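Asker: Need the 3D shape of this:
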Amino acid sequence: MENEQVGLLVIYYVDVEALNLTYWNPKYYRDCNATAKRFGRNDPIHYIHIHGETLVPLGNNVLVDVFVHEFLSNEYRRSFVEMHYKLCDLLLRDNVFGQYINKDLPKTCPIPKGVYHLTNMSIPDLPLLKTFPFQKGRVFAHTTIKREAGTRERLLDGYVDVVIKQRWR
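Answerer: Reported below is the predicted structural model:
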């Protein structure tokens, strides 16, 4: 009964404390920015918005590496949690994060070059949030693109500081 009040459920959500695009390659992107904002006092979730223009088509030649750092002793330390995706596999096949990222993108791969506005993205109330091994962290995303010579080139990097919170509904 610890997580229940009369007729109410506990909802777990990820709150964004800071969001930062630290690098984008001007050969592949133009005018990139990212923000997080709430839509009122009754909705505690900060929704992520990413805007920019891609200058080349992007497909499974793009690798997305995600590293989660835990906030310990007043610093972020790399944890055992990391994910590695090919871009199209993430967007079109991933049932956890892909569906929240690709709602504003074409449902084809590779993604054509153009202007894109990824809006109102958040991490849903997943069972994983209730049992996640820590409550506060920093999530780094690092992307690279495969070039013709088989080498990889840095594409887009950023991080988001997050806290897993709960509220009654």
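Asker: where exactly do the helices run in this protein?
Answerer: 87-93, 98-101, 127-131 (DSSP state H).
Asker: Out of those helices, which one sits most buried?
Answerer: Of all those, helix 87-93 has the most neighbours on average by mean count of other CB atoms under 10 Å, namely a mean of 18. C-beta: built from backbone N, CA, C; applies to glycine.
Asker: Have a look at the protein and report its longest strand.
Answerer: strand 152-168 (DSSP state E).
Asker: Now that one: buried residues?
Answerer: Of the residues in strand 152-168, Leu155, Leu156, Asp157, Gly158, Tyr159, Val160, Asp161, Val162, Ile164 count as buried by neighbour count, 16 or more other CB atoms under 10 Å.
Asker: The last one against Leu128, yeah?
Answerer: No - contact criterion CB atoms under 8 Å: Ile164 and Leu128 do not qualify, at 9.6 Å.
Asker: contacting residues around the closest residue in space to Asp94 that isn't next to it in sequence?
Answerer: Nearest non-adjacent residue to Asp94, counting by CB to CB, 6 or more residues apart in numbering: Tyr85, 6.8 Å away. If you count contacts by CB atoms under 8 Å, 6 or more residues apart in numbering, Tyr85 has them with Leu63, Val64, Asp65, Val66, Asp94.
Asker: if I look at the second one, how far off is Gly150?
Answerer: Using CB to CB, to the nearest Å, one obtains 19 Å as the distance from Val64 to Gly150.
Asker: By mean pLDDT, point me to the weakest helix or strand of the chain.
Answerer: helix 98-101 (a mean of 77; mean pLDDT, DSSP states H and E).
Asker: What helices and strands are in contact with that helix?
Answerer: On a contact count with 3 or more CB pairs under 8 Å, 6 or more residues apart in numbering; DSSP states H and E, helix 98-101 meets helix 87-93, strand 114-121.
Asker: roughly how far is that helix from the heart of the chain?
Answerer: Centroid separation for helix 98-101 versus its chain: 9 Å, with CA atoms, centre = their mean, to the nearest Å.
Asker: How about residues contacting it?
Answerer: Helix 98-101 has contacts (CB under 8 Å, 6+ apart) with Leu90, Leu91, Leu92, Leu118, Met121, Ser122, Ile123, Pro124.
Asker: And for the closest residue to Leu126 other than its chain neighbours, the neighbour number?
Answerer: Distance criterion CB to CB, 6+ apart; nearest residue to Leu126, sequence neighbours excluded, is Val96 at 6.8 Å. Neighbourhood size, Val96 [other CB atoms under 10 Å]: 12.
Asker: I'd like the numbering to begin with 267 instead of 1 from here.
Answerer: OK, 267 is where the count begins now, so the last one is Val362.
Asker: is it true that Val362 touches Leu395?
Answerer: No - if you go by CB under 8 Å, Val362 and Leu395 don't touch, sitting 11.0 Å apart.
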